[in-house]
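K.L.:
Okay, predicted coordinates and the sequence, questions at the end:
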Protein chains: 2
Amino acid sequence: MAEGQSQNTSSGQALLYLTDEQLRQGIEAMFFAYRGFTADPDRILEGLSYGRAHHRAIHFIHCAPGTTVNNLLAILGVTKQSLNRVLRTLIEDGLVTSHVGRSDKRERHLTLTEAGEALEQQLSDAQRARMRDAYRKAGPEAVAGFKTVLEAMMDDDMKRAYLALREGR
Amino acid sequence: MAEGQSQNTSSGQALLYLTDEQLRQGIEAMFFAYRGFTADPDRILEGLSYGRAHHRAIHFIHCAPGTTVNNLLAILGVTKQSLNRVLRTLIEDGLVTSHVGRSDKRERHLTLTEAGEALEQQLSDAQRARMRDAYRKAGPEAVAGFKTVLEAMMDDDMKRAYLALREGR
DNA sequence: GAAAATACGTCAGTCTTGTTGACATTCCAA
DNA sequence: TTGGAATGTCAACAAGACTGACGTATTTTC
């Protein structure tokens, strides 16, 4: 309570960008932008009997081929049962293959098939096209700021996962 | 297909921030950041038998008191059946009131009760606290860039709704 | 004044995606 | 070798989105 007022009184003009009104605008911008962010892949998936969960699985399997179910679980932040349902349909439909681990036979290593890679391309082309337009309109400095703020918004665990993905490439 | 390569070859160094790899990083940053963005309110709502849908309704009723059901529908981008389920529970629980319109008696005007405002405060305090931390860490220039990119990511309809909300305050 | 359009609510059914609980298999360490 | 921990699978359920159909009150249009 009343923490909203404090930035105005404590530090003068320099912190005007931290007013409640500015923060509220940022919150709403996140809400509306995220809708745009997912709109294109959602449109493609609709009618294929796949959803956003399938998209996420495909995206991260593409980025880290041979990853295990457990690994994917940590990145996606859902229960293994939830992920399993998605993976089962993807495997049944021949988009993902699951291989028993060589050293640890409990693990299943996940890879996209050719068909899986093709769908991944289609989905990420659409999503990247929107991002590219946004980036181009906004310019490089804005993009740098965009990433800085997003990273600061993540939970520490998420930031670790995010940075680990960047390292791995 | 192959649109990913084009920025590298066509325009040299100036457009390096538009590479597929940069775009992919941005996509993942959006994904992880949005999780952080919703984490705090989700935690508060959990156990109250409310979900993210209730949060969204409360947020926008707070911002536009007296708004109509139809209006809210357009902003939230869901069906009236879906919104109705949420509104019914909020009204039953005494967080929202619904008044028949004065000039047009078909309309219902929605307002938060005192209890509703209290919950809204609690939720948005948590969310703003995270945004404030992120903004403070990132600094004013980064925040400006952040908003620029988010606005560029929105669909045109969404951008109109977003800007209309800013005007109304 | 009658007919069409609008605003809202509701019932019924489906789909995606999250949850918990129970269980099989495999590995490892006491 | 045996019991616990880790990995993954199956089954059942709940939240929240969707469509479609229908009912009611009110406004607008002809």
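P.N.:
Yep, it's here. If you're wondering where the values come from, they're calculated on a predicted model, not measured in any experiment.

K.L.:
residue ranges with poor pLDDT in chain A?
P.N.:
In the predicted model, chain A carries pLDDT under 70 at residues A:1-14, A:169.

K.L.:
Which residues of it lie near DNA strand D?
P.N.:
A:68-70, A:73, A:80-81, A:84, A:87-88, A:98, A:104, A:106-108 (CB under 7 Å from any atom of the strand). In this view, the C-beta of every residue, glycine as well, is placed from N, C-alpha and C.

K.L.:
Give me the most central residue, chain A.
P.N.:
residue A:56 (7.0 Å; CA atoms, centre = their mean).

K.L.:
what helix or strand does that residue sit in?
P.N.:
Per DSSP states H and E, residue A:56 falls inside helix A:52-63.

K.L.:
that older thread, hmm, the residue nearest to the centre of chain A is touching residue B:30, no?
P.N.:
No: using CB atoms under 8 Å as the test, residue A:56 is too far from residue B:30 to be in contact (12.0 Å).

K.L.:
Looking at chain A, which residue is nearest chain B?
P.N.:
residue A:145 (2.4 Å; CB to the nearest CB).

K.L.:
so that residue makes contact with residue B:143?
P.N.:
Yes: with contact defined as CB under 8 Å, residue A:145 reaches residue B:143; the gap is 6.7 Å.

K.L.:
would you list every one of the strands in chain A?
P.N.:
A:67-68, A:96-100, A:108-112 (DSSP state E).

K.L.:
Just the buried positions in the second one, please.
P.N.:
Think strand A:96-100. Using 16 or more other CB atoms under 10 Å in any protein chain shown as the test for burial, strand A:96-100 gives residue A:96.

K.L.:
Indicate whether the helix holding residue A:56 makes contact with chain B.
P.N.:
Yes: counting by CB under 8 Å from any CB of the partner chain, chain B has neighbours in helix A:52-63: A:56, A:59, A:63.

K.L.:
Would you mind getting the angle between that helix and strand A:96-100?
P.N.:
With axes from the mean of the first three to the mean of the last three CA atoms, to 10 degrees defining the directions, helix A:52-63 sits at 60 degrees from strand A:96-100.

K.L.:
Helices of chain A, start to end?
P.N.:
Remark: helices assigned in chain A by DSSP state H are A:3-11, A:20-45, A:52-63, A:69-76, A:80-92, A:114-138, A:140-153, A:156-167.

K.L.:
Can you get me a residue count around residue A:59?
P.N.:
Neighbours of residue A:59 under the rule other CB atoms under 10 Å in any protein chain shown: 21.

K.L.:
ok, the residue of chain A found nearest DNA strand C - contacts?
P.N.:
Going by CB to the nearest atom of the strand, DNA strand C is nearest to residue A:51 of chain A, at 1.8 Å. Each residue near residue A:51 by CB atoms under 8 Å, 6 or more residues apart in numbering or on different chains is listed here: A:42, A:45.

K.L.:
go on, residue A:138?
P.N.:
Contacts for residue A:138 were tallied using CB under 8 Å, 6+ apart; they are A:146, B:145, B:148, B:149, B:152.

K.L.:
And the closest residue to residue A:54 other than its chain neighbours, how close does it get to DNA strand D?
P.N.:
Spatial nearest neighbour of residue A:54, excluding adjacent residues (CB to CB, 6 or more residues apart in numbering or on different chains): residue A:86 at 5.5 Å. Using CB to the nearest atom of the strand, to the nearest Å, residue A:86 is found at 10 Å from DNA strand D.

K.L.:
still on that earlier bit, quick check: which of the strands of chain A is nearest to residue A:164?
P.N.:
strand A:67-68 (11.5 Å; CB to CB).

K.L.:
What helices and strands are in contact with that closest one?
P.N.:
Other helices and strands packing on strand A:67-68, by 3 or more CB pairs under 8 Å, 6 or more residues apart in numbering or on different chains; DSSP states H and E, are strand A:108-112.

K.L.:
and the strand it packs on, how far out from the chain's middle?
P.N.:
19 Å (CA atoms, centre = their mean, to the nearest Å).

K.L.:
what lines up beside it in the sheet?
P.N.:
Using DSSP bridges, the strands paired with strand A:108-112 are strand A:67-68 (antiparallel), strand A:96-100 (antiparallel).

K.L.:
Now for the residue of chain A closest to chain B, how many residues are close by?
P.N.:
There are 23 residues near residue A:145, going by other CB under 10 Å.

K.L.:
The one 5 residues further on now?
P.N.:
The criterion is other CB under 10 Å. On that basis, residue A:150 has 29 neighbouring residues.

K.L.:
list the contacts for it?
P.N.:
Contacts of residue A:150 by CB under 8 Å, 6+ apart are B:29, B:30, B:32, B:33, B:146.

K.L.:
Most widely separated two among those residues?
P.N.:
B:32 and B:146 (14.9 Å).

K.L.:
The two: which is more packed in?
P.N.:
Taking other CB under 10 Å, residue B:32 and residue B:146 do not tie; residue B:146 has more neighbours (29 against 24).
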